[in-house]
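Colleague: next comes the sequence, and after it the predicted model I'd like to discuss.
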Amino acid sequence: MPGSAVGVYLPMSKNSPGNYFEDFRIGQVIRHATPRTVSTGDVALYTGLFGGRFAVQSSDVFAKAIGYPRSPLDDLLVFHIVFGKTVPDVSLNAVANLGYAGCCFRSPVYPGDTLSAQSEVIGLKENSSRKTGIVYVRTTGYNQDLKPVLEYVRWVMVRKRDAAAPAPGDHVPRLPTVLDPKVLGEACPPINVAAYDLALAGSLYRFADYEVGEEIDHVDGVTVEEAEHMTATRLYQNTARIHFNQFVEGKGRFGRRLIYGGHVISLARALSFNGLANAFHVAAINGGRHVAPLFAGGTIFAWSEVLAKAELPGRDDVGGLRLRTIATKDRPCADFPLKSGDDYDPAVLLDLDYWVLVIR
Amino acid sequence: MPGSAVGVYLPMSKNSPGNYFEDFRIGQVIRHATPRTVSTGDVALYTGLFGGRFAVQSSDVFAKAIGYPRSPLDDLLVFHIVFGKTVPDVSLNAVANLGYAGCCFRSPVYPGDTLSAQSEVIGLKENSSRKTGIVYVRTTGYNQDLKPVLEYVRWVMVRKRDAAAPAPGDHVPRLPTVLDPKVLGEACPPINVAAYDLALAGSLYRFADYEVGEEIDHVDGVTVEEAEHMTATRLYQNTARIHFNQFVEGKGRFGRRLIYGGHVISLARALSFNGLANAFHVAAINGGRHVAPLFAGGTIFAWSEVLAKAELPGRDDVGGLRLRTIATKDRPCADFPLKSGDDYDPAVLLDLDYWVLVIR
Amino acid sequence: MPGSAVGVYLPMSKNSPGNYFEDFRIGQVIRHATPRTVSTGDVALYTGLFGGRFAVQSSDVFAKAIGYPRSPLDDLLVFHIVFGKTVPDVSLNAVANLGYAGCCFRSPVYPGDTLSAQSEVIGLKENSSRKTGIVYVRTTGYNQDLKPVLEYVRWVMVRKRDAAAPAPGDHVPRLPTVLDPKVLGEACPPINVAAYDLALAGSLYRFADYEVGEEIDHVDGVTVEEAEHMTATRLYQNTARIHFNQFVEGKGRFGRRLIYGGHVISLARALSFNGLANAFHVAAINGGRHVAPLFAGGTIFAWSEVLAKAELPGRDDVGGLRLRTIATKDRPCADFPLKSGDDYDPAVLLDLDYWVLVIR
């Protein structure tokens, strides 16, 4: 099994078939392949693909003035790169990506840093059909000093190679539904509030100006092209087949290449600048749901609700906003679309629950 | 009003509605949001999008040999980044981008530099309908040392929020139609002519070889894709909605996303290498007209006429060529298409009047 | 003739018509235009376009651990950049790109290096029609220290300007069909095998695990978009018209823009990670054939056969595998498609014969 620290299984063919449900074990640790040195080249391409305008990630001068050594990478770019590494080992034979929990950014990442990833299997639950099972992994992204930069749990439904094989384990882990505010500041250095220039940052609204329950339409819409989502997903070295292969997908359920769900998250984050310009750091992702698939040609809109506000222990520079950001397809968000009866509005693609830090 | 040094107006919603005609004042200074550190990543992506081949911008070794500390950024990349910053404050509610004047490159920009932009409102003229007005701004791009790198005037027709609102001013500034040759060398260090290698630069033609009235077909054509123009425009953090939102534009006047006019300028400049390979620096843009809109799928061709030649005071290393470059859509330029009766030939997209510096 | 060290021919127009068959001479040396400083920006965009996962090229930390000063550029990116420089001088008037031979990577290339290229005409053979002739050039890519980084021979069929012109020469050079293993290590520093981490590299298979005659399906397929192949080809500053101009090509033989053959090579190399993850260096290309053209919308698959294994004289760190990699369009490769009777299977696009180095 490529990338496994414990595997000695050598399949007949040199190519990797990926892991099936019965290949996993509780406590198994997988060191994922292909460490990645990130660069200002990645930053430029990510800017070209998403158009982010948060000043901290855009300007070394701005970042230095407030307390960073230089501009950090966009938090979601870090997430996507770490996530991408896990795909060949965890989700190549996945039927569905079911959820995330406890995603916490633990250290800023700068151009020149080298990212690697490791996952521990923390839960396994066979489905009643015995054809699939759910695999829970806790993934940690590290920098070149082996300092954790990102940690999250995800669970995916994975095919069995052989339905008759015994279940490799039976344990469903308890997962947090929301991260504790005390961990939110780990990847944010102390900020010099006096040096934070609101005009350059693009908004006069500080932490105190946001209220729980407030809803913000992010106004703009952006249409996605095939070349864009494939370029982004390859930039993360994410090899999930469903995003790239029209020959196969054209005959499949949707007849189209499915866009990586993280692409929608990055688009929504970039759009959210219009209303959240001073929310310069995604500190944690409590959970998220890809409500519907996105295909090229769709136009993404987004809106956010402030779910909660939190003080960070010992810090008076930044505060935490817990946001729920909804992304829609071909549906402007001036009226904050969400539900249609008990179900989601059919335009909703993404329902994301996360913490951002806002200047005070 | 985000990005304003003088504004205290806080709209009801956190998102920015942009400025309307009655929000501007003569003398108003707007510090635009999102400073931007440029990098070799931006250079690479710009190369991938336009394919520029000017040796000065492509090779640090070539640039150093002739007198630069290293390769400067393409002048138009600098223009687009500075321009992009002004969009949220100046032209979010624009009906039309009417013109440019007095665009002068004042200092070279290198990877690692941080660009920011500021605009002064220098003219306001309400239209007779009272529904719109023309806003004239002088925009300056700065580097991290607050040294001006670029200066230009543009004027745009902007909607009024309320037709009944009084006009906020009534002044049309006098603008230059052509820049004086004495300012053309500001962003070009003294060039070591002996070290300028014509073979590596791609052409044997020097300043002396060009004649006023000479017409040059740039021969090649390049087709534009949606993913390309959107990636370029996002790279500049230009958020003008008309370029990105097929859901809205599909129902609009053109039924298509409109391509940023600057994209055509960059394509024409890249094509102009074939005939102007030693015109390594765009020193100034006297004015330009986007004669017709461009949409994805169109193939751009270009040709240039030498309008004038100028000595630069005190310099015997480079000379100025005033060029008129015409870009067309789906129309090769071997016969230099321009007019059809009193009007432009229907294939013409761009009519650009600018100064380039050519090695002597 | 632009870019020629010996040319004094100044055509009437400033633009370049390219060279015709009768413009070449045996022994002629052409210094090609536009040297190019490569950067981590190029690396990022190349990753976004092809999604390579070889650890040596992805991680500075991995590369340093095993003996490189930092991650070298992907070998094929170097090839494409050097190749691109030759197009305006060698193949602008080409009818067909006929073949490659003796392509050898001679020194690693790192971000910050500046590449330039020079070609010597080593053969000329007029065709019986007298309308075209075959030009053989030996091209060498250099870094800023004038150290060769790459050398190859290619031959192209080039139009004559004037069928009545006398043939400029008549010599067909003898070319190697396969490179000698003793030259394969030139661009690979001594590797610290103990520090080579198989889990991070993505495969447990070493040199000893591969057998002559072994066939490996690379499994995945990737669909190509117009924006992608044009962005890649521009990144190499390759100006061959057939790749970019839908207005002209739409009326041509195929009705479509033809994708640069090197794009298929890079896609096949990236796909080959799945089965050849430890083949971290393309050391030489013995020869290759673009069996059929590729157009946007096609999905590329690939498989490889091990043709030979070679010890490298004096080295026990790496071994050479001679591979034949076949790329197909819209045709998965689980059954290793190649021939259909005496001809190629109609799905085959590329038949590439090359040496890779694999960790021992």
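Modeller: Sure thing, it's come through.
Colleague: any low-confidence regions in chain A?
Modeller: A:1-12 (pLDDT under 70).
Colleague: which residues of it fall in strands?
Modeller: A:29-31, A:36-37, A:94-105, A:114-126, A:132-142, A:148-159, A:215-217, A:222-223, A:281-290, A:299-311, A:318-329, A:339-340, A:343-344, A:348-359 (DSSP state E).
Colleague: does stretch A:302-321 reach chain B?
Modeller: No. Between stretch A:302-321 and chain B, judged by C-beta under 8 Å from any C-beta of the partner chain, nothing touches; the nearest distance is 9.3 Å. C-beta here means a position set from N, CA and C on the backbone, and glycine is covered the same way.
Colleague: extract the CA atoms of that stretch and return them as CSV.
Modeller: The C-alpha coordinates for stretch A:302-321 follow below in CSV (Å, rounded to 0.1, in the frame of the first residue of the first chain):
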residue,chain,number,x,y,z
ALA,A,302,-22.9,33.1,-1.4
TRP,A,303,-24.2,34.6,1.8
SER,A,304,-23.3,34.3,5.5
GLU,A,305,-25.0,34.4,8.8
VAL,A,306,-23.1,35.2,12.1
LEU,A,307,-23.9,32.2,14.3
ALA,A,308,-21.8,33.3,17.3
LYS,A,309,-19.2,35.6,18.5
ALA,A,310,-16.3,34.6,20.8
GLU,A,311,-13.5,36.3,22.7
LEU,A,312,-10.2,34.6,22.4
PRO,A,313,-8.7,33.9,25.9
GLY,A,314,-5.9,36.4,26.6
ARG,A,315,-6.3,38.3,23.3
ASP,A,316,-7.7,41.7,22.7
ASP,A,317,-6.5,42.0,19.1
VAL,A,318,-8.9,39.8,17.3
GLY,A,319,-12.3,38.1,18.0
GLY,A,320,-13.9,35.0,16.6
LEU,A,321,-17.0,35.0,14.4
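Colleague: chain center to it, what's the gap?
Modeller: The chain centroid and the centroid of stretch A:302-321 are separated by 19 Å under C-alpha atoms, centre = their mean, to the nearest Å.
Colleague: can you list the buried residues in that stretch?
Modeller: With burial defined by 16 or more other C-beta atoms under 10 Å in any protein chain shown, the residues of stretch A:302-321 counted as buried are A:302-307, A:309-310, A:312, A:315, A:317-321.
Colleague: which one of these sits closest to C:Val90?
Modeller: Distances from C:Val90 to these, taken as C-beta to C-beta, are shortest for A:Ala302 (50.1 Å).
Colleague: chain C contacts on the stretch 201-350 of chain A?
Modeller: A:225-227, A:230-235, A:237, A:239, A:241, A:244-248, A:257.
Colleague: tell me if stretch A:72-80 is near chain C.
Modeller: No. Judged by C-beta under 8 Å from any C-beta, stretch A:72-80 stays clear of chain C, getting no closer than 10.9 Å.
Colleague: who's in contact with that stretch?
Modeller: With contact meaning C-beta atoms under 8 Å, 6 or more residues apart in numbering or on different chains, stretch A:72-80 is reached by A:38, A:42-43, A:46, A:50, A:52, A:54, A:56-57, A:63, A:103, A:105, A:108-111, A:113, A:115, A:141, A:149-150, A:152, A:187, A:232, A:235-236, A:238, A:262, A:265-266, A:269, A:281-283, A:285.
Colleague: tell me the centre residue of chain A?
Modeller: A:Phe79 (5.0 Å; C-alpha atoms, centre = their mean).
Colleague: ok, now how distant is A:Ser273 from chain C?
Modeller: To be clear, residue A:273 is Phe; Ser isn't right here. Using C-beta to the nearest C-beta, to the nearest Å, A:Phe273 is found at 22 Å from chain C.
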